[in-house]
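Asker: Here's a sequence, model it:
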Amino acid sequence: MNCYFYLGDFPNAMKIATKGLASAEASRNQEMIFRYNNLIGAIYFRQGNYSEALKYYLQLLQTADQLNDDPQRFFVNLGLADVYIAQNDSVKAFP
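Answerer: Numbering: from 1, shown residues only. Below you'll find the model as predicted:
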């Protein structure tokens, strides 16, 4: 999936990420569910679909907050900052 992502082949990257997410959800692997959702947010971001990326990142931030998971919160905040910077909203990007 990373190769597709870095090559800009987002349809194939998304296909692999959604399959991985389904597998993670079936096995109830919370860490992998979190990672795949974060990757899907990143794929949307790289395609310029900021509203979908923002939706994923905000949902993940809420999950990280509920789990009190600082490392995951950190990675999600990086994604959120990218989206807000792309939208020229530096106030939200650097609270």
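
Asker: other SSEs contacting the helix or strand containing Tyr57?
Answerer: Assigned by DSSP states H and E, Tyr57 belongs to helix 50-67. Contacts defined by 3 or more Cβ pairs under 8 Å, 6 or more residues apart in numbering; DSSP states H and E place helix 50-67 against helix 30-46, helix 70-86. (Glycine included, C-beta is placed from N, CA and C.)

Asker: Next, format those as a markdown table and append distance to Pro11.
Answerer: Output for those, formatted as a markdown table (distance: least, Cβ to Cβ, whole Å):
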| stretch | distance to Pro11 |
| --- | --- |
| helix 30-46 | 9 |
| helix 70-86 | 20 |
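
Asker: that older thread, residues of the helix holding Tyr57 that come out buried?
Answerer: 50, 52-54, 56-57, 60-61, 63-64 (16 or more other Cβ atoms under 10 Å).

Asker: Just the angle for it relative to helix 30-46, thanks.
Answerer: 160 degrees (axes from the mean of the first three to the mean of the last three Cα atoms, to 10 degrees).

Asker: ok, now which ones touch the spatially most central residue of the chain?
Answerer: Nearest to the mean C-alpha position of the chain, by Cα atoms, centre = their mean, lies Asn38 at 2.4 Å. The contact partners of Asn38, by Cβ atoms under 8 Å, 6 or more residues apart in numbering, come to 56-57, 60, 75-76, 79.

Asker: again, only this time at 6 Å
Answerer: Applying Cβ atoms under 6 Å, 6 or more residues apart in numbering, we find Asn38 in contact with Leu60.

Asker: do the one 3 residues further on as well
Answerer: With contacts defined as Cβ under 6 Å, 6+ apart, the neighbours of Gly41 are 53, 56-57, 79.

Asker: ok, so of these, who is nearest Gln87?
Answerer: Closest approach to Gln87 among the contacts of Gly41 (Cβ to Cβ): Ala53, at 10.1 Å.

Asker: thinking that closest one is in contact with Phe45, fair?
Answerer: Yes - Ala53 lies in contact with Phe45 (Cβ atoms under 6 Å); the separation is 3.9 Å.
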